[in-house]
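[1] Fold the following, please.
(2 chains)
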Amino acid sequence: MNQTIGQTKPTSLLYLDGVSVSFDGFKALNALSFVVEPGELRAIIGPNGAGKTTMMDIITGKTRPDEGQVFFKGEIDLTKRDEAEIASLGIGRKFQKPTVFESHTVWDNLELALNRKRGVFSTLFYRLTAEDRARIEEILATIRMSPRRDDLAANLSHGQKQWLEIGMLLAQEPELLLVDEPVAGMTDAETAETAILLKEIAKSRSVVVVEHDMGFIRELGVKVTCLAEGAVLAEGSIDFVSSDPKVIENYLGR
Amino acid sequence: MITSFLMRSFDRSILIAVAILVGLAMLVPALNLLTAPDHPLHVPTYLVSLFGKYLTYALLALALDLVWGFCGILSLGHAAFFALGGYAMGMYLMRQIGARGSYGNPLLPDFMVFLNWKELPWFWHGFDMFWFAALMVVLVPGLLAFVFGWFAFRSRVNGVYLSIITQAMTYALLLAFFRNDMGFGGNNGLTDFKDILGFNIQANGTRAALFAASALMLALCLILTSAIVRSKYGKVLVAVRDAESRTRFLGYRVEHIKLFAFTLSAMMAGIAGALYVPQVGIINPGEFEPGNSIEVVIWTAVGGRGTLIGPIVGAILVNGGKSIFTAAFPEFWLFALGGLFVLVTLFLPKGVVGTAGAYFARRRAELRGQAAETPNNLAVEPMAAE
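    Have a look, this model is predicted:
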C-alpha cells in the first residue's frame, strides 16, 4: 500500500502517509494513509472516535503527529508549521460547532476572513477597496446571506452560522477546504441547500467533508472514505463502501 | 494614510468626549488662575491636582480596556507599567533637585548620599534631560510588556493563567523596588521634588499646566485607541477575544496581534504614571501593590469594558467616590469597592456606559422601527418564508 500511495505524492494536493498519534496511550490515529487529489470532493465517514477530527487537527497544525508524513501540494511538510502558517498556505477549516465572530456583523466576519495581508500594520491601515467590497458581496450572494449583512453573527440561526462559516472559508480562498459535520443540527431543507453549496464550492477547489449523515453523503455523490480506529477501513463509491461487510460491522450496522 | 487612519476614530461619542477634555484643559486652569480665591467659580489648587490625578487614572483604565475589553487579555499587572512610567518621571524630578537636597550633593539624590554611595548608578544617567526621561517613560514599560508578552503569548498562556502571571510580575517588581540597593530609593521611593522643566512643581501655574497636560494626553490617547479599535486590526482584536482558535485558523498570528496591543497599552499606562507622579509629588513601591492593578480592573468594569468612554467614566466615578467615602467612613472603603464590583458584575455586566449605550441604541431602533414600520415588514417577510 505504501508503494502505491507513494507514487501519488507529487501530484496530490494532500498526502498523509503512515500518520500515527496517541493521547495518553490511546491511539487516535494508527498508520493512517490518505490522499486527496486537486479538485476532488471527498467525504469521510466513521464511528465516533475513529479519528476524523484528529486527522483534521493534524492537517491544520493543531496537533503534531507522533510519526508519519503530511504533505501539501506534494512538497510542503505540514508537520513543521503552525495553524496560522498552514491557513495562509491555503487550507481552510470549518469546525464541528459553528464558530463565527459573534460580536461582529456578517459583513465584518467576511471582511476578516478575506484573503488579504494578516499582519498588525497591514490590518491597522487597511482600507476596504472596491475590489474587496465586490468580493464580499459575491460571497454573501453565494451563501445566500445578502439581506443579513449588517446583522450581528450572534443573532443568526444555527444553520445560518454554518453557512457564514463556510462563506468565511470561501473568503479565505483556500485550495483545500476541510469541513467538519456541516449539516449537524440542520433541517432537511437546510441540509439539501448545503449539499448544493458544497458541490458548487468544490468546482474550484478540493473539499474534504466529515459527516455522519448518510443521506447527505449520498446527495453529494462522491468518493467516500470510511475511517475506524484511526485507520482507513474502506474507500470507494458510497454504494461500494456501504456494502463492505467491515463497514457494516464497524459503523453502519450499529 | 495616517490621517485617514486617525479620521476614522471620530464618531459622535468620541468627538464629544474629546471636546469635553479639551474644554476642561482650558477651563479648569483658567478658573484656578484667573479668578480670586473667594470667587464662586474659583477652583482651588488641591482640586485641580485631585482631578488631574483622576485623569491619569482614567488614562490607565483606558489602556487596560484596550487589552481587556477588546482583546480579552485580563491583565492584573497594569499598575506595574503605570508605576514604571512614574519612576522614570520621578528619576527626572530627582535629578532636577540638584544641590538643593538636604545633603546638598549636586549629583547624587539624597537617598544615595544617605546610603553612602559615591557615584551615580549607570541607569540614572541621562535622566537629567527631560527628553530622555520622557522617552524612558514609554520605552521601559513598553519593553517590559514586549518581553513579557512575547513569551506569554507565544506559549499560548491564556485566561486566568495569564492574569496570575501578570499579578506575579507586579508583585516581583514590588519586592525588587522595596530593596534599597536597587537604587530607586527603596521603601521611601522618590519624593521632595522641586521643579519640572524649570517651573516650581508646587506653584499653582505648574499644577494647572499638569492638569491640562493630563486632559490633553487623555484626549490624544482616546483618539488613538478609537482609531485602533475601529480599524480592521481592532476587529481582529475582538475576533481574538471571541474565538481565538477561529482567528488562528483564518491565518492571523494571534500572538503578534496580542503583543502589539499589550505593548501599546503598557506604553499608555507608563505615560499615565509619568503624569501622575508630579501631581501627587511622590512615587514609591506601594504603586506596584497587586491590589492597585485589581482596582484598575474594577474602574474599567464599572464604566463598561469594551467601550472607550466607559473606563474613563469608571475611573473618575470610582475614584471620586473613593475620595468622598474614605474621608467619611475610612474603614469601609474596601467593602464598598468589593460590593461595587459584585453589584456591577451582577446587574450591569456592560458597566455604566455600556448599559446606557445599549439603552439608547434600543430607543433609536424603536423610533426607526415606528417611522418605517410598513416597508420594514415587507422586507422581513420573504426572509421568514425562506
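[2] Can you tell me which helices and strands whatever helix or strand B:Leu135 lives in packs against?
    Element membership for B:Leu135 (DSSP states H and E) is helix B:130-154. Secondary-structure packing of helix B:130-154 (3 or more C-beta pairs under 8 Å, 6 or more residues apart in numbering or on different chains; DSSP states H and E): helix B:78-97, helix B:159-178, helix B:254-280. Just so you know, the C-beta spots here come from the backbone N, C-alpha and C atoms, and that holds for glycine as well.
[3] and the last one, average pLDDT?
    Okay, so that is helix B:254-280. Here helix B:254-280 scores 97 as its mean pLDDT.
[4] just stretch A:201-210 next, same as before
    89.
[5] hmm, it in reach of chain B?
    No: Stretch A:201-210 lies out of reach of chain B by C-beta under 8 Å from any C-beta of the partner chain, never closer than 14.7 Å.
[6] Next to chain B, which bits of the stretch 51-200 of chain A? Give me the list.
    Counting by C-beta under 8 Å from any C-beta, the positions of the stretch 51-200 of chain A adjacent to chain B are A:60, A:62, A:83-84, A:87-88, A:92-93, A:95, A:99-104, A:108, A:111-113, A:118-120, A:123-127, A:144, A:147-148, A:168, A:172.
[7] need the contact list for residue 140.
    Defaulting to chain A. By C-beta atoms under 8 Å, 6 or more residues apart in numbering or on different chains, A:Leu140 lies in contact with A:106-107, A:110, A:146, A:149, A:167.
[8] if you could check chain B rather than the one you did, that'd help
    Going by C-beta under 8 Å, 6+ apart, B:Val140 touches B:84-85, B:88, B:270.
[9] circling back: so which of the helices and strands packed on helix B:130-154 is nearest A:Thr53?
    helix B:254-280 (21.1 Å; C-beta to C-beta).
[10] What is that closest one packed up against?
    Using 3+ C-beta pairs under 8 Å, 6+ apart: helix B:254-280 touches helix A:120-124, helix B:45-68, helix B:78-97, helix B:130-154, helix B:204-230, helix B:232-242, helix B:244-249.
[11] can you redo those as TSV with distance to B:Leu259 and mean pLDDT?
    Formatted as TSV, those follow (distance: least, C-beta to C-beta, whole Å; pLDDT from 0 to 100):
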stretch	distance to B:Leu259	mean pLDDT
helix A:120-124	8	93
helix B:45-68	10	96
helix B:78-97	14	97
helix B:130-154	5	97
helix B:204-230	14	96
helix B:232-242	11	96
helix B:244-249	14	93
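[12] Show me what counts as buried in whichever strand or helix holds B:Tyr359.
    In this structure, B:Tyr359 sits in helix B:351-371 according to DSSP H and E. Using 16 or more other C-beta atoms under 10 Å in any protein chain shown as the test for burial, helix B:351-371 gives B:351-357.
[13] Show the pLDDT at B:Ala371.
    At B:Ala371, pLDDT is 64.
[14] Actually, B:Pro382.
    Per-residue confidence (pLDDT) for B:Pro382: 35.
[15] ok, back up a step: now for the helices and strands packed on helix B:130-154, which one comes closest to A:Gly215?
    helix B:254-280 (37.8 Å).
[16] can you pull the contacts of B:Tyr252?
    If a contact means C-beta under 8 Å, 6+ apart, then B:Tyr252 has A:84, A:118, B:236, B:239-240 as its contacts.
[17] Redo the residues you listed as CSV? Include distance to B:Val342 and neighbour count.
    CSV is the format used below for the contacts of B:Tyr252 (distance: C-beta to C-beta, whole Å; neighbours: other C-beta atoms under 10 Å in any protein chain shown):
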residue, distance to B:Val342, neighbour count
A:Ala84, 39, 20
A:Arg118, 40, 20
B:Val236, 33, 25
B:Ala239, 30, 26
B:Val240, 28, 24
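[18] if we take those, which one ends up nearest to B:Leu24?
    B:Val236 (33.5 Å).
[19] just the angle between the helix holding B:Leu135 and helix B:45-68, please?
    Angle of helix B:130-154 versus helix B:45-68, following axes from the mean of the first three to the mean of the last three C-alpha atoms, to 10 degrees, is 30 degrees.
[20] tell me the domain boundaries of chain A?
    Following automatic domain parsing, chain A resolves into domains at A:1-84+A:222-254, A:90-206.
[21] Any idea how far the last one is from the middle of the chain?
    Right, domain A:90-206. Centre-to-centre, domain A:90-206 and its host chain are 13 Å apart (C-alpha atoms, centre = their mean, to the nearest Å).
[22] what kind of secondary structure is the residue in the stretch 51-200 of chain A positioned nearest to chain B in?
    Nearest residue of the stretch 51-200 of chain A to chain B: A:Ala87, at 3.5 Å (C-beta to the nearest C-beta). Under DSSP: H, G, I helix; E, B strand; the rest coil, A:Ala87 falls in the helix class.
[23] I figured it was touching B:Arg253, is that so?
    No: using C-beta atoms under 8 Å, A:Ala87 is not in contact with B:Arg253, being 10.1 Å away.
[24] Give me the helix or strand of chain A that scores worst on average pLDDT.
    helix A:2-8 (a mean of 60; mean pLDDT, DSSP states H and E).
[25] Run through the residues that contact A:Glu37.
    Counting by C-beta under 8 Å, 6+ apart, A:Glu37 makes contact with A:8, A:11-13, A:206.
[26] mind listing the strands for chain A?
    Ranges of strands within chain A are A:14-23, A:26-36, A:41-45, A:67-72, A:76-77, A:91-94, A:176-180, A:206-210, A:223-228, A:231-236, based on DSSP state E.
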